[in-house]
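Enquirer: Curious how this folds, go ahead:
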Amino acid sequence: MRINVSYNQYATLLDELRQNRWITTRQNGKALQTDWHSPFITGHNHFFNLRPDLKIHDWHQTFLERLELFDPGLESHPVILIFLLQGYLQATHRDSTYYCETQIKAGHNLLMLNGLGKQGTWISPYGLSSQTVEVIVAPQTLAAYLDNESIAALERLRQRLSADLDLPYFHSGAITPEMQMVLHQYLHCPYEGVMQTLYLESKAVELIVLKLAQIKQMAQETDGRNLNGTQRRLNAQDRERVCQVREILLSDMAHPPSLQQLAERVGIGDYKLKQDFRMAFG
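Expert: Have a look, this model is predicted:
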């Protein structure tokens, strides 16, 4: 069976589950703990609202039905950094001019801005246990961290954070040993009260730092492969075309042409345009 609901419908469904006592919520120190024992989901999760602009959560759940959440209708969307310790997740963003789908499996992470936005879908498969840790940070806070950053890969993220647009940003990578250690420390926090809050806040920020370092490192490795000639280089004509496309996009970022329209304007196929643009600008 498939449960296909909007976020508003999902909120109504959760209220019904609470009324039937299939969801119980209790305060456990600074954590809000929720236990699930409903007909379509079992497990538990902890929510730590550390600051108005910073949260960290952990989820341990098994979906007994396939769940698809769509059309959140949010005016703004935070940055979500997901570490998938067990299971599988899929997120998509789709509108009239843009489609992006990303999948992560156990042992990987995903930094997502506007991944759901106003046109997104979360897909959680059924019968598969999942365990995740999520750091949620306000876009303006992350943008402030990057305010004086000169690395090209992080500059692209900073611009996306600062722009008043709904365009999505995805970046996935493997959970590194350093990330694994911080995640373990978060899940086994030895403190309570004020010290717990300070400790968890430091772990959330540390995970953000490690992810930003990963984005930077992966971009540098890609640039290095290009310089060493292990990947195809753009010729002068191809570079001129992608630069033309870039100028078209920058001239009207709020209402960009579709990929097919861009390809037709510069006289190449849409697949080649995607590959060349990525090679030129990451």
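Enquirer: residue contacts, residue 138?
Expert: 52, 53, 54, 78, 79 (Cβ atoms under 8 Å, 6 or more residues apart in numbering). Every C-beta, even on glycine, is put in place using the N, C-alpha and C of the backbone.
Enquirer: Go ahead and confirm the fourth one touches residue 137.
Expert: Yes: in this structure, residue 78 sits in contact with residue 137. The criterion is Cβ atoms under 8 Å, and the distance is 6.5 Å.
Enquirer: neighbour count winner among these two?
Expert: residue 137 (23 against 19; other Cβ atoms under 10 Å).
Enquirer: Now do the contacts for that one.
Expert: So residue 137 contacts 53, 54, 55, 78, 79, 81, 204, 208 (Cβ under 8 Å, 6+ apart).
Enquirer: how close does it sit to residue 190?
Expert: 24 Å (Cβ to Cβ, to the nearest Å).
Enquirer: Pull out the buried members of the contacts of residue 137.
Expert: Neighbour-count burial (16 or more other Cβ atoms under 10 Å) applied to the contacts of residue 137 gives 54, 55, 78, 79, 81, 204, 208.
Enquirer: Alpha carbons of the one helix or strand the fifth one maps to, as CSV, please.
Expert: What it means is residue 81. Taking DSSP states H and E as the definition, one finds residue 81 inside strand 79-86. Extracted in CSV, the C-alpha atoms of strand 79-86 (Å, rounded to 0.1, in the frame of the first residue of the first chain):
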residue,chain,number,x,y,z
VAL,A,79,19.0,24.0,5.5
ILE,A,80,18.8,20.3,6.4
LEU,A,81,21.9,18.2,6.9
ILE,A,82,21.0,14.5,7.0
PHE,A,83,23.3,11.7,8.1
LEU,A,84,21.8,8.4,7.2
LEU,A,85,23.1,5.7,9.5
GLN,A,86,20.7,3.0,8.4
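Enquirer: List the strands paired with that strand, with their directions.
Expert: For strand 79-86, the paired strands and their directions (DSSP bridges) are strand 108-113 (antiparallel), strand 129-137 (antiparallel).
Enquirer: Need the winner for burial among the ones you listed.
Expert: Ranked by mean neighbour count under mean count of other Cβ atoms under 10 Å, those are led by strand 108-113, which reaches a mean of 22.
Enquirer: Could you list the low-confidence segments of the stretch 1-150 of the chain?
Expert: Applying pLDDT under 70 to the stretch 1-150 of the chain picks out residues 1, 7, 71-77, 92-101, 114-120, 149-150.
Enquirer: Do a quick rundown of the helices in it.
Expert: Applying DSSP state H, counting those that start in this stretch to the stretch 1-150 of the chain gives helices spanning 7-19, 139-145.
Enquirer: Distance to residue 261 and mean neighbour count added to these, as TSV?
Expert: Formatted as TSV, the helices of the stretch 1-150 of the chain follow (distance: least, Cβ to Cβ, whole Å; neighbours: other Cβ atoms under 10 Å):
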stretch	distance to residue 261	mean neighbour count
helix 7-19	31	13
helix 139-145	29	17
